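[1] structure of the sequence below:
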Amino acid sequence: MMKVLLLWLPLLHRVDSLMYLAIIAPQDPTLLIGSSLTANCSVAADSSLRAEDLYWTLNGRRLPLEAYKVLSATTLSLTLSKLNGSQQQSGDNLVCHSKEGGILAGSCLYVGLPPEKPTNISCWSKNLKDLTCRWTPGTEGETYLHTNYTLKYKLRWYGRDNICREYHTAGPYTCHISKDLALFTPYEIWVEATNRLGVATSDVIMLDIVDVVTTDPPLDVHVNRVGDLEDQLSVRWSAPPALKDFLFQAKYQIQYRVEDSSEWKVVDNVGNQTSCRLAGLRPGTVYFVQVRCNPFGIYGSKKAGIWSTWSNPTAASTPRNGRTPGVCEPKSGEHNNTLRRELKQFFGWMRKHGSSYGCANLSIKMYDQWRVSLQKSHKTRNQVLSGDKS
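    Got it, this is the predicted structure:
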């Protein structure tokens, strides 16, 4: 260990001596974009260095001689006009060199814009004990200066300002408040943006944690065929468990799309049930299905919560129909007659078979049975038609 220290002592002495060979003024200036800067590099009078032998670099690039001015035997001036934004947020490196290229002194040059006020603050809670907030920076990546964002909050009518400590927990420009939150009391929440050129404060939002509850997506989403029905799929799922200890209701949405399309269709009228049947689908087609949840009525709150993210896509295919290629479907003008005929067939079939089903299951089960029998009759008719053609 002693040998290491001895090796470093001469190097430290050399660095210290070099630091005093010249001084740059102003040191580490901060300027607005478009401003001009005049900086001086002054060497010690008792050194062998002379101003006319010095030169400047900015981020390693040698600056032109026409930007220099010798003010005295020991001071070389540099003027930079219409400055652009800093190339690096840690500051551009402005360095004064001896004629041999040695570094005599350095300064960080910060050129940029003051922050704009953050916008679009939104917050959510998954367990009524925490809060996560997200915001949008006023000029993301355009101030050219490192900008700090601080999320602050306090109880609306009393209490001191608090500062959120856990940043970037849910992506950029987010912060997580993990404890010590009160229910049924509005909070004031705002974000301050700070850089070397100033401070900008967002508008203050007010919220009660009970009104910004969200959940994880529904679990165990299953999509299955409905017997031989070629235009329907059954969707079932489990309620998210995160809020099982709290009194609340939930409403669900389903979205689905065919395999070769990026366009989703949304089913809004699912309500609080954890199953749904999709009808009017294309036979022999693969569908992707997702479900999401919105909790409401938390502790009697009249406001809806926040929609969860969608569950992972679940796929299933409808059965293929048994129609023989070349057998025409009814023309558009014949649809009404076809519908009347099929309804008449359904009611006749229901009078014949309805006694074998309980009332609770009458509508859906009997409809399914009738559709299956109808499909079978289509297949039989198509087989007969095919046989006649041969």
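[2] Tyr287: helix or strand, and which one exactly?
    According to DSSP states H and E, Tyr287 maps onto strand 286-296.
[3] what mean pLDDT does that strand get?
    Average pLDDT, strand 286-296: 92.
[4] just stretch 131-147 next, same as before
    85.
[5] dump the C-alpha coordinates for it into PDB.
    Output of stretch 131-147 as PDB, limited to C-alpha atoms (Å, rounded to 0.1, in the frame of the first residue of the first chain):
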ATOM      1  CA  LEU A 131     -49.200   6.200  -5.600                       C
ATOM      2  CA  THR A 132     -47.300   6.400  -8.900                       C
ATOM      3  CA  CYS A 133     -47.300   9.500 -11.000                       C
ATOM      4  CA  ARG A 134     -46.100  10.300 -14.500                       C
ATOM      5  CA  TRP A 135     -45.600  13.600 -16.300                       C
ATOM      6  CA  THR A 136     -44.400  15.000 -19.600                       C
ATOM      7  CA  PRO A 137     -41.400  17.300 -19.700                       C
ATOM      8  CA  GLY A 138     -41.900  20.600 -21.400                       C
ATOM      9  CA  THR A 139     -39.000  20.300 -23.900                       C
ATOM     10  CA  GLU A 140     -37.700  16.800 -23.600                       C
ATOM     11  CA  GLY A 141     -34.100  16.700 -24.900                       C
ATOM     12  CA  GLU A 142     -34.300  20.300 -26.100                       C
ATOM     13  CA  THR A 143     -32.900  22.300 -23.200                       C
ATOM     14  CA  TYR A 144     -29.300  21.000 -23.900                       C
ATOM     15  CA  LEU A 145     -28.700  21.100 -20.200                       C
ATOM     16  CA  HIS A 146     -29.200  18.400 -17.500                       C
ATOM     17  CA  THR A 147     -32.600  19.000 -16.000                       C
END
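[6] buried residues in stretch 105-114?
    By 16 or more other C-beta atoms under 10 Å, the buried positions in stretch 105-114 come out as 105-107, 109-114. Using the backbone N, CA and C atoms, a C-beta is placed for each residue, glycine as well.
[7] just how off-centre is stretch 77-84 within its chain?
    Centroid separation for stretch 77-84 versus its chain: 40 Å, with C-alpha atoms, centre = their mean, to the nearest Å.
[8] gap between the two ends of it?
    By C-alpha to C-alpha, to the nearest Å, the extent of stretch 77-84 from end to end equals 20 Å.
[9] residues making contact with it?
    Stretch 77-84 is contacted by residues 31, 33-41, 56, 58, 63, 67-71, 94, 109, 111 when judged by C-beta atoms under 8 Å, 6 or more residues apart in numbering.
[10] do stretch 182-189 as well
    For stretch 182-189, contacts defined as C-beta under 8 Å, 6+ apart pick out 121, 123, 128, 131, 133, 151-157, 181, 204-210, 299.
[11] many thanks, I have nothing further to ask.
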